[in-house]
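Enquirer: Generate a structure from the sequence data that follows.
(2 chains)
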Amino acid sequence: MVDLTDGRGRVRRRAGVRLWLSGLWLGLLVVVALLAPWIAPKDPLAQDLFLGRLPPFWVAGSEPGYWLGTDSLGRDVLSRIMHGARIALLVALIAGTVTGLLGATLGLLAGFLRGWVDVVISRMIDIWMAFPPVLFSILLIAVLGPGLTSIIIAIVVIDWTRFARVIRAEAMAQGAMDYVASSRVAGRGRLGTMVEEILPNVLPTIVVLLTLEMGIAVIVEAILSFVNLSISTDDPTWGGMIAEGRSAIHQSWWVLVFPLATLFLTVLSFSQLGEGLKDRFDPVLR
Amino acid sequence: MADLYTVQNLRLSLADMTAKPLFGAAPRIEILRDLSFSLPKGEVAGIVGGSGSGKSTLGRALVRLLEPSGGSIRFDGTDITHLDDAALRPLRRRFQMIFQDPMSSLNPRHTVGRLIGSPLALHGFEGIQGRVGRALDHVGLPRGFAARYPHELSGGQRQRVGIARAIAMEPEFILADEIVSGLDVSSQAQVLALLEGLVRELGLTLAFISHDLSVIRRLCRRVIVLHRGEIVEDRATAELFANPQAEYTRDLLAAIPLPDPDQVWA
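Expert: Just a heads-up that it's a prediction; the model follows:
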């Protein structure tokens, strides 16, 4: 009666190329960030005006040891990118995770419990969305004072709505499914149903949003560095390098292009990592 | 035999949110109007009616997914009409439900073993793995299916999992809400035969909701016909088919496809 030979139990998906490529780049970045003080070829803060504006290694006039050239103060671009990765990844991980936890929890509560909980959270989201995010973050940093913690707080405070909106809608759709009614028939309480039944169904979305948010956190940190509101100007950050490189774009393009390319690849990798993870580990083949 | 369910003057109305004015309460729509009937222990009763007749609402009120707005529902002597979730929890094990669409009622992220086993854990059953295995045996699925996810099953197999989940709780009453209407004809026959056997073997009381009288005729000894939220007929199946009283029942009977249409057409 039951056909054990049917293949439904054996269908598997292969890991996508994008999971490997994005994982490779981010893995490399993590290693570089962790080991930056030991593997960076030069001191990222050491200035030497005689070695200013050296081009990258394949262009005539380059100096051995300065692989990606130097900026106008003679600081090594490669070493600065490597040290900048520390701050970028730290912000991405902490700000992304905290934002995700806060936003997803509020979204889940609003979407599943409905009623006055939803009214309160939804109105908060509406109000939040009316603030221009960049100005809001600049204002926050101005109040909190510059520094790594302030950046992370600013990202969390501004971006939780991104999770809350999406997860709320998703939880609402899932709440209408019969498995929620079935969970009640089984005698499970409201919060139990939310955690045991709804959460596993919105988790893939949370993971995708989380990786996107990590990418966004890197960008926000770069933007704040760009407008000089990030860490102290001594610490190398990608945004700070881009800001410095912009003013000298005609004399030394490499000071702008290399941090920009690193930033681009990192943000792209984060978003692709999320999609790749979802493809690979989501048991439901859609 | 004693009555498992006693339903008296049951009324149920839901708020019509589409007609809600900007301020003030939404108007209420009467879904069930003054239903009274009882289900003796061991009864297999069919509940039929067209769409919008209130049959699913009645079912969901019986297992208290919905709260009635009037009248009373007594389950085995206990008035469950207005009990809250906490008070219902210990009773929930005793009245289970099988849903129409197993794709929606089986959580796609959980394995079959967890789908059947976690309600058991909630009610303090012991030896859960063995119980899951026996429930799968009962519905004719291999025990190895405990490791599968719902999307790895066929439609008929999914509905068997729905049945296994309900019977594993060792309930006294099962509500089956249109459980074969999503299946192809051969799976329908298999699932019906399975349910018929289980009801007899386990001595269950069953309420079987369907819009299809030919399915009811095969399974149920008694039929309750609903029309616009009211009971228009409540009689033994054989009597109802031989001599339908209400006009609405005659219309429903006329809608059954005949096994051999040529006899009539000739």
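
Enquirer: need the contact list for residue A:152.
Expert: With contact set as CB atoms under 8 Å, 6 or more residues apart in numbering or on different chains, residue A:152 has these partners: A:91, A:94-95, A:98. No exception for glycine: its C-beta is placed from N, CA and C like everyone else's.

Enquirer: Can you tell me the SS state at residue 96?
Expert: Just going to use chain A. helix (DSSP: H, G, I helix; E, B strand; the rest coil).

Enquirer: that's the wrong chain, I wanted chain B
Expert: strand.

Enquirer: Pull the contacting residues for it.
Expert: Per CB under 8 Å, 6+ apart, neighbours of residue B:96: A:185, B:63, B:165-167, B:169, B:171, B:173-175.

Enquirer: quick one: which of those sit in strands?
Expert: Secondary structure of the contacts of residue B:96 is defined by DSSP state E; positions in strands are B:173-175.

Enquirer: Out of the contacts of residue B:96, which is nearest to residue A:141?
Expert: residue A:185 (51.2 Å; CB to CB).

Enquirer: hang on, that closest one packs against residue B:94?
Expert: No: counting by CB atoms under 8 Å, residue A:185 stays clear of residue B:94, with 11.1 Å between them.

Enquirer: give me the number of residues near residue A:83?
Expert: 21 (other CB atoms under 10 Å in any protein chain shown).

Enquirer: The helix or strand hosting it - contacts with which helices or strands?
Expert: Residue A:83 is part of helix A:77-113, with elements assigned from DSSP states H and E. When contacts are defined as 3 or more CB pairs under 8 Å, 6 or more residues apart in numbering or on different chains; DSSP states H and E, helix A:77-113 sits against helix A:17-39, helix A:115-129, helix A:148-175, helix A:190-193, helix A:199-226, helix A:238-247, helix A:253-281.

Enquirer: contacting residues for the most centrally placed residue in chain A?
Expert: Nearest to the geometric centre of chain A sits residue A:214, at 1.0 Å (CA atoms, centre = their mean). The contact partners of residue A:214, taken as CB under 8 Å, 6+ apart, are A:92-93, A:95-96, A:270.

Enquirer: And residue B:232, by the same measure?
Expert: B:225-226, B:246, B:248-249.

Enquirer: would it count as being in a strand?
Expert: Yes: assigned with three-state DSSP, residue B:232 falls within a strand.

Enquirer: burial measure for the nearest residue to it once chain neighbours are set aside, as a count.
Expert: Excluding its sequence neighbours, the residue lying closest to residue B:232 (CB to CB, 6 or more residues apart in numbering or on different chains) is residue B:246, at 4.1 Å. If you count neighbours by other CB under 10 Å, residue B:246 ends up with 15.

Enquirer: sorry, back to before: show me which of residue A:185 and residue B:94 is the more surrounded one.
Expert: Neighbour totals were compared for residue A:185 and residue B:94, and residue A:185 leads with 27 against 16 (other CB under 10 Å).

Enquirer: Would you mind measuring from that one to residue B:85?
Expert: As judged by CB to CB, to the nearest Å, residue A:185 and residue B:85 stand 12 Å apart.

Enquirer: who's in contact with residue A:96?
Expert: Counted by CB under 8 Å, 6+ apart, residue A:96 has contacts A:210-211, A:213-214, A:216-217.

Enquirer: between those residues, which is closest to residue A:237?
Expert: residue A:217 (12.8 Å).

Enquirer: Any regions of the stretch 51-200 of chain B where pLDDT drops low?
Expert: Within the stretch 51-200 of chain B, no range satisfies pLDDT under 70.

Enquirer: What segments of it are helices?
Expert: Assigned by DSSP state H, counting those that start in this stretch, the stretch 51-200 of chain B shows helices spanning B:55-62, B:85-92, B:102-105, B:112-122, B:128-138, B:155-168, B:185-202.

Enquirer: Please tabulate the ones you listed in JSON lines, including the columns distance to chain A and mean neighbour count.
Expert: Output for the helices of the stretch 51-200 of chain B, formatted as JSON lines (distance: least, CB to the nearest CB, whole Å; neighbours: other CB atoms under 10 Å in any protein chain shown):
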{"stretch": "helix B:55-62", "distance to chain A": "8", "mean neighbour count": "23"}
{"stretch": "helix B:85-92", "distance to chain A": "4", "mean neighbour count": "14"}
{"stretch": "helix B:102-105", "distance to chain A": "4", "mean neighbour count": "22"}
{"stretch": "helix B:112-122", "distance to chain A": "4", "mean neighbour count": "22"}
{"stretch": "helix B:128-138", "distance to chain A": "10", "mean neighbour count": "17"}
{"stretch": "helix B:155-168", "distance to chain A": "7", "mean neighbour count": "24"}
{"stretch": "helix B:185-202", "distance to chain A": "7", "mean neighbour count": "16"}
